[in-house]
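1. Let me see the structure of the following:
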Amino acid sequence: MYPQHPSAPPSSQYSQPTQQQFGSNPIGNAPPAQRSYLTSSEERMAKFQQIVGQYEINQDFAMRLRNLEGFEIVFICDDSGSMGEITTAFERRSTRWDELKQTVSIVVDVCNVLDPDGVDIYFLNRQPLFHVKNSSELIPAFSIPPTGATPLARCLRQVLRDKQAEIQERKLLVLIATDGVPTDDAGRNDIRSLEQVLKHERDPVERVLVTFIACTDDDESIGYLNKWDERIPKVDVCDDYRSEKREILKVQGKDFPFSFGDYVVKILMGSVDPWFDNLDNKKVRRQIGSSTDRHTTSKRSSRCVIL
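-> Next comes the predicted model:
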């Protein structure tokens, strides 16, 4: 089932965001100093249970999210022109850009419970957003249609530079959503540069985990990612929702719960917890619940996630 998350109104209802709305630092500069947002464990738990219910996240998935505590989390969004293409994955007329907004929104809401400092959102062709703590903060950026090339290598290098100090203190999880082959800034295909960054510029590699999210089911556009999933350490690849669900249910059985919220948790955890990577390979053991209580938020769940 798809999340009941409010869709952004047409871009005509918003004035064009200013540079200040996107963050005062251009991509070439370091992000602002990290801020601290203090929240009691009780408030975090209550918020977490609300999110689990809102996005229909099953309790096995929710329990394992605890392994993500302490990570610095960055989301790189492909805002190239092809992201404006129409898709039917949400059973309604929408674009890949619309779908990406849904995914990032859930990531932000979930991660704000795990890391109250928020998530840093980088784009390929526009200003980044730092310390995003609520999905509503994404509306101005996503109201502008995607356009431009797909310079993933440049953007990932910038993230690694910006997060160099944090990497020494805690692990970095970089989520990269894209629908095609990476290019240079001029639009020429450039897979090699991105491969170079992944293989040789993550230092240390065991502290920089990368997950790619395919925003299309077109194998010709994203086939290169599947090769990296097998050959490059600390790299995971997550297919689009429909493809992931089809493959997982084929292995786990048709009653295995896998909502869109579960899909987003798999995105977050795929390179962190091998249990998620095995979902489409072999039968996994569920620790909580069954198909009859797939998305409950009962008292027993409170023991297993956020402290």
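2. The stretch 201-307 of the chain: helices as residue ranges?
-> For the stretch 201-307 of the chain, the helices defined by DSSP state H, counting those that start in this stretch cover 219-231, 241-252, 260-269, 274-277.
3. of the ones you listed, which approaches L173 most closely?
-> Between L173 and the helices of the stretch 201-307 of the chain, the tightest spacing by CB to CB is seen for helix 260-269, at 7.4 Å. From N, CA and C alone the C-beta is placed, and that goes for glycine too.
4. Mind listing what's buried along stretch 167-183?
-> Residues of stretch 167-183 classed as buried: 167, 171-183 (neighbour count, 16 or more other CB atoms under 10 Å).
5. do the same with stretch 94-112
-> Neighbour counts using 16+ other CB under 10 Å place 94-112 of stretch 94-112 among the buried residues.
6. So D262 sits against R64, correct?
-> No: assessed by CB atoms under 8 Å, D262 is found out of contact with R64, at 11.0 Å.
7. between those two, which one's more packed in?
-> Taking other CB atoms under 10 Å, D262 and R64 do not tie; D262 has more neighbours (27 against 20).
8. Would you mind measuring from the residue nearest to that one when sequence neighbours are not counted to L175?
-> Spatial nearest neighbour of D262, chain neighbours left out: F61 (5.2 Å); criterion: CB to CB, 6 or more residues apart in numbering. The gap separating F61 from L175 is 16 Å, by CB to CB, to the nearest Å.
9. Okay, now the unreliable bits of the stretch 1-150 of the chain?
-> Within the stretch 1-150 of the chain, the segments meeting pLDDT under 70 span 1-39, 88-92.
10. Please enumerate the strands of it.
-> 72-77, 86-87, 94-95, 119-123, 129-132 (DSSP state E, counting those that start in this stretch).
11. if we compare these, which one ends up closest to N278?
-> N278 sits nearest to strand 72-77 of all those, at 22.5 Å, using CB to CB.
12. helix, strand or coil for the residue positioned nearest the centre of the chain?
-> Centroid-nearest residue in the chain, with CA atoms, centre = their mean: L175, separated by 4.9 Å. The local conformation at L175, judged by DSSP: H, G, I helix; E, B strand; the rest coil, is strand.
13. May I ask you to confirm that it is in contact with V107?
-> Yes: between L175 and V107 there is a contact under CB under 8 Å: 6.9 Å.
14. and for the two, which residues touch both?
-> 73, 75, 267-268 (CB atoms under 8 Å, 6 or more residues apart in numbering).
15. so which pair among those residues is furthest apart in space?
-> Across those, the longest distance by CB to CB is 11.1 Å; it joins I73 and I267.
16. Could you tell me which residues touch both of those two?
-> Here I73 and I267 have 107, 175 as joint contacts, going by CB under 8 Å, 6+ apart.
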